[in-house]
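Colleague: Quick one, what's the 3D model for this:
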Amino acid sequence: MKPIYFILTFLLLVSCSKDESLKQDQEQEAATRSFYMGFTAFPYDLTVEAQLDTYEKVAGLSDIFLTHLDHGVPWDEALNDLPFPTEVQQTLAATKTGLAPNTKVLLTATPTDQYRENLNTYWNNNGSHQPLPPFWQQKTFDDPDVISAYIKYCKRIIDAVEPDYFAYAIESNAAFRKEDVAFTKFLSLAEAVYISLKSAYPNLPIFLTLQDRSFENSYKELLETSKILLQYSDYIAMSSYPFLDYNNLNRDANPELFEDNWLQDFRNLDAAKPFAISETGFCAEDLVIANLGVNVKASEAWQNDYMIKLFDSANTLEAEFIAWFVFRDYDQLYDKTPNPPDILKVWRDNGLLDGQGNQRPAYQKWQEWKALSKD
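Modeller: The predicted model follows:
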């Protein structure tokens, strides 16, 4: 497999002493953790050595592993029951390689593209995010061929990976407005996929993931759209990167400045459903993306503060799992990527290791929580 395609497989995202003392007291009270904790294996460089090093290290620090298939669907092969492209097969085969026997596997896929509002791109041996073949270009989410192909795709990847958790849509509330025709069509797909998969895999948690912020919706509207989607989801699974505030792209990413209830509001959407963090992260260096108007001040200390806040909140809410993206800063990967898209900068400095492989304070915090017994 060409290294860049492997990369894309896992691609396609000082408070006062009194407050510090309070946070330390809260941490000391945590004798157990409710959640499994783990990473993707997104590597930091375009080399086989970096891929293997990343996989080995995250396997040793995780009791759950996230395989994030966010980069297309083999639409033709799925619909017509043909063998998947070699790259797809290799990606699926690599999912469990090197994991400890008791490591849980979270498998996520999506019928939407990375803008979360159109049909996903084509995934074939030429790589991810290939243009859709002509047959698919005018099709909508509720098209019978789309629904049939996507259900078949989901079943085949579930059978190949045998995950402990499966998300069939990623950040499904991010772009749709509830009055959009496209949202109605997406709901038709979600209903069909959810019913079919629950019938085929009754003991497997089947869900879609939700984003906790949106450019398209007010916060109230985002919660309303999320509530509608949850009728086709076993879990409330959150995608949260709160260092990036869509309403203020020029700010300090100090965790003390954002609300303590940023998870609670989504947890409250349905008290009967389990809660989880399907992906999260926090930048440890300033994030500047001039073309997008982003200028976020960040630091390793604030990343560590976020991890404390995240784990305390997740434990209080009895979260099922937390998946962190990424393990080590991918400066080397970014520098070697031809014409890197602006969006690739967003998660570049989210690592618990910096670009040179040095441990950040959050790395130690992660180890402390990992050492706690999972209740």
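Colleague: What segments of the stretch 251-375 of the chain are helices?
Modeller: 264-267, 300-316, 331-336, 361-370 (DSSP state H, counting those that start in this stretch).
Colleague: what's the third one packed up against?
Modeller: So that's helix 331-336. Helices and strands touching helix 331-336, by 3 or more CB pairs under 8 Å, 6 or more residues apart in numbering; DSSP states H and E: there are none. To be clear about C-beta, it is placed using only N, CA and C from the backbone, and glycine gets the same treatment.
Colleague: can I get the helices of the stretch 251-375 of the chain in JSON lines with distance to residue 113 and mean neighbour count?
Modeller: Output for the helices of the stretch 251-375 of the chain, formatted as JSON lines (distance: least, CB to CB, whole Å; neighbours: other CB atoms under 10 Å):
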{"stretch": "helix 264-267", "distance to residue 113": "23", "mean neighbour count": "18"}
{"stretch": "helix 300-316", "distance to residue 113": "28", "mean neighbour count": "21"}
{"stretch": "helix 331-336", "distance to residue 113": "22", "mean neighbour count": "17"}
{"stretch": "helix 361-370", "distance to residue 113": "31", "mean neighbour count": "18"}
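Colleague: And these: which comes nearest residue 67?
Modeller: Of all these, it is helix 331-336 that lies closest to residue 67, at 18.4 Å by CB to CB.
Colleague: I'd like the average pLDDT over that closest one.
Modeller: For helix 331-336, mean pLDDT is 96.
Colleague: Below-threshold pLDDT in the protein: ranges please.
Modeller: 1-30 (pLDDT under 70).
Colleague: what residue lies at the spatial centre of it?
Modeller: Central residue of the chain (CA atoms, centre = their mean): residue 279, 3.5 Å from the mean position.
Colleague: which stretches of the stretch 51-200 of the chain form strands?
Modeller: 64-69, 104-109, 122-124, 127-130, 165-169 (DSSP state E, counting those that start in this stretch).
Colleague: I'd like the ones you listed laid out as JSON lines, including distance to residue 238.
Modeller: Below are the strands of the stretch 51-200 of the chain laid out as JSON lines (distance: least, CB to CB, whole Å):
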{"stretch": "strand 64-69", "distance to residue 238": "13"}
{"stretch": "strand 104-109", "distance to residue 238": "13"}
{"stretch": "strand 122-124", "distance to residue 238": "26"}
{"stretch": "strand 127-130", "distance to residue 238": "25"}
{"stretch": "strand 165-169", "distance to residue 238": "11"}
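Colleague: Can you say which of these is nearest to residue 286?
Modeller: So among the strands of the stretch 51-200 of the chain, strand 64-69 is nearest, using CB to CB, at 25.6 Å.
Colleague: Name the residues of that closest one that are buried.
Modeller: 64-69 (16 or more other CB atoms under 10 Å).
Colleague: and the angle from that strand to strand 165-169?
Modeller: In terms of direction (axes from the mean of the first three to the mean of the last three CA atoms, to 10 degrees), strand 64-69 departs from strand 165-169 by 30 degrees.
Colleague: Provide the strand pairings for strand 64-69, with the direction of each partner.
Modeller: strand 36-39 (parallel), strand 104-109 (parallel) (DSSP bridges).
Colleague: Deepest in the core, which of the strands of the stretch 51-200 of the chain is it.
Modeller: Mean neighbour count (mean count of other CB atoms under 10 Å) peaks for strand 165-169 among these, with a mean of 26.
Colleague: how far does it sit from the chain's center?
Modeller: 11 Å (CA atoms, centre = their mean, to the nearest Å).
Colleague: what comes into contact with that strand?
Modeller: By CB atoms under 8 Å, 6 or more residues apart in numbering, the list of residues contacting strand 165-169 from outside reads 104-112, 150, 154, 158, 190, 193-194, 197, 201, 204-209, 235, 237, 276, 278, 320-321.
Colleague: go on, stretch 325-341?
Modeller: 4, 7, 13, 39-46, 50, 54, 57-58, 61, 66, 68, 279-281, 284-285, 344-345, 347-355, 357.
Colleague: For it, measure first residue to last.
Modeller: Length of stretch 325-341, first residue to last, CA to CA, to the nearest Å: 18 Å.
Colleague: go on, stretch 106-115?
Modeller: 22 Å.
Colleague: got the buried residues for the longest helix that the chain contains?
Modeller: Determined from DSSP state H, the single longest helix within the chain is helix 181-200. Buried residues in helix 181-200, counted by 16+ other CB under 10 Å: 182-183, 185-190, 192-194, 196-197.
Colleague: Pull up the pairing partners for the following helix or strand past it, direction included.
Modeller: Downstream of helix 181-200, the next assigned helix or strand under DSSP states H and E is strand 206-211. Sheet pairing of strand 206-211 (DSSP bridges) gives strand 165-169 (parallel), strand 236-240 (parallel).
Colleague: hang on, the earlier thing: any chance of the buried residues of strand 64-69 in CSV, plus distance to residue 125?
Modeller: Converted to CSV, the buried residues of strand 64-69 look like this (distance: CB to CB, whole Å):
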residue, distance to residue 125
64, 30
65, 25
66, 24
67, 19
68, 20
69, 16
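Colleague: on that earlier part again, who touches the residue nearest to the centre of the chain in this structure?
Modeller: Contacts were defined as CB under 8 Å, 6+ apart; by that measure residue 279 touches 13, 40, 66, 68, 209, 239-240, 323-325.
Colleague: quick one on the thing from earlier: which one of the buried residues of strand 64-69 is nearest residue 133?
Modeller: residue 69 (19.0 Å).
Colleague: Just list whatever residues bridge to the closest one.
Modeller: Going by DSSP bridges, residue 69 forms beta bridges with residue 109.
Colleague: Give me the distance between it and residue 176.
Modeller: Separation of residue 69 from residue 176 (CB to CB, to the nearest Å): 21 Å.
Colleague: I appreciate the help and will end here.
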